[in-house]
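Undergrad: fold the following and give me the result.
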Amino acid sequence: MATIGFIGLGNMGGPMAANLVKAGHAVKGYDLSQTAIDRLVEAGGSVAKDLKDAASEVEVVVTMLPAGEHVREVYQKTVFGVAKSGSLLIDCSTIDVESSREVHAQAAVAGMDMLDAPVSGGVTGAAAGTLAFMCGGSEQAFERAKPLLDVMGANIVHAGAAGDGQAAKICNNMMLAIQMISVCEGFALADKLGVDRQKLFDISAKASGQCWSLTTYCPVPGPIPTSPSNRDYQPGFTANMMLKDLRLANTAKSAVDGNTPLGEHALELYETYVDSGDGETDFSGIFKMLEG
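TA: Okay, here's the model as predicted:
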């Protein structure tokens with residue numbers, strides 16, 4: 001069993017840390033929220049008094065932080081100065097590719113293995129231990145991390161070198177946003193044309209319109225009982241988070257002179273949706289805006 005410092009115990013990080021505890025690992029957690037810390041203690045984890053304490057005297061440091069600037073600050077100002085040489089570092093945040101590769105390079109200089117391992121699956125997946133991990137880093141870092149990732153997830157893929165996990169994540173979520181908008185537009189048009197929603201679902205689920213946003217996460221109430229649309233779009237994955245990922249994709253596209261016209265339009269639509277005050281609803285709730 002490993003000794004783990006877990007930094008960032010929010011809606012995703014908290015359940016992930018709890019699953020590591022449940023598997024028998026010794027987890028020492030740190031978060032700015034006392035409520036988040038209390039939840040880890042209730043799950044059987046221990047409390048780090050500060051960032052230095054979280055990264056000291058552990059074999060593994062796991063981070064789940066909001067943005068690239070937070071990841072750089074935590075690793076550059078604290079972790080690299082106090083973690084033991086040979087430590088394994090796993091960053092599960094979703095951040096820009098450039099920041100991820102910068103921190104990877106510094107970890108190598110410090111003699112530590114690092115993996116960028118952003119996740120997909122939302123709060124439900126974090127609690128159930130069924131997350132998907134998209135991992136970037138050396139083969140050695142991936143093999144060291146995989147037993148821990150297996151505790152927290154059900155689909156763990158080594159995407160490639162440093163930062164490639166982040167790159168895969170933002171590409172995947174850009175595709176998801178475009179997919180979701182297309183499904184919402186299809187249902188909105190069907191409503192105007194008088195086509196029954198369940199009938200359209202039954203047809204498209206077995207035809208060329210089939211996709212995850214339709215058959216697993218349907219944005220209209222009824223066809224998929226577990227979809228957020230059936231609980232007034234209470235989030236599994238908020239529109240704010242989707243907007244963040246689309247902005248990351250757009251930044252990455254600009255850096256490499258990519259061409260993502262639908263990704264850019266999806267960004268514009270989600271900006272409008274979030275600006276209307278719906279940022280904390282599920283991202284599939286954009287159906288409400290698209291149906292007018």
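
Undergrad: shaky segments in the chain?
TA: Along the chain, no part satisfies pLDDT under 70.

Undergrad: ranges for the helices of it?
TA: In the chain, the helices defined using DSSP state H lie at 13-22, 34-43, 51-55, 68-74, 80-82, 97-109, 122-128, 139-152, 164-193, 197-204, 212-215, 239-255, 261-273, 286-290.

Undergrad: which other residues reach the fifth one?
TA: Around helix 80-82, the neighbours that count as contacts under Cβ atoms under 8 Å, 6 or more residues apart in numbering are 52, 55-56, 106-107, 110, 112. Where C-beta positions appear, they are placed from N, C-alpha and C, glycine not excepted.

Undergrad: N250: which of those is nearest?
TA: Q106 (26.0 Å; Cβ to Cβ).

Undergrad: need the nearest residue in space to that closest one, chain neighbours excluded.
TA: Spatial nearest neighbour of Q106, excluding adjacent residues (Cβ to Cβ, 6 or more residues apart in numbering): F80 at 6.1 Å.

Undergrad: and that neighbour, how far from I156?
TA: Distance from F80 to I156, counting by Cβ to Cβ, to the nearest Å: 26 Å.

Undergrad: quick one on the thing from earlier: neighbour-wise, which one of the contacts of helix 80-82 leads?
TA: A55 (26 neighbours; other Cβ atoms under 10 Å).

Undergrad: so what's it up against?
TA: Contacts of A55 (Cβ under 8 Å, 6+ apart): 5, 7, 61, 78-79, 82-83.

Undergrad: from S284, how far out is it?
TA: 37 Å.

Undergrad: returning to what we had before: so for D91, which of the helices of the chain sits nearest?
TA: Comparing the helices of the chain by Cβ to Cβ, helix 68-74 comes nearest, at 5.9 Å.

Undergrad: most remote residue from the middle of the protein, which is it?
TA: Largest separation from the mean C-alpha position in the chain: G194, at 37.1 Å (Cα atoms, centre = their mean).

Undergrad: so what's V151 up against?
TA: 19-20, 22-23, 25, 129.

Undergrad: can you add distance to K206 and give these back as CSV?
TA: What follows is the contacts of V151, written out as CSV (distance: Cβ to Cβ, whole Å):
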residue, distance to K206
N19, 36
L20, 40
K22, 39
A23, 39
H25, 44
G129, 31
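
Undergrad: top of those by neighbour count?
TA: For the contacts of V151, neighbours tallied by other Cβ under 10 Å; top is L20, 26 neighbours.

Undergrad: can you verify my assumption that that one contacts I4?
TA: Yes - here L20 reaches I4: they are 6.0 Å apart, a contact under Cβ atoms under 8 Å.
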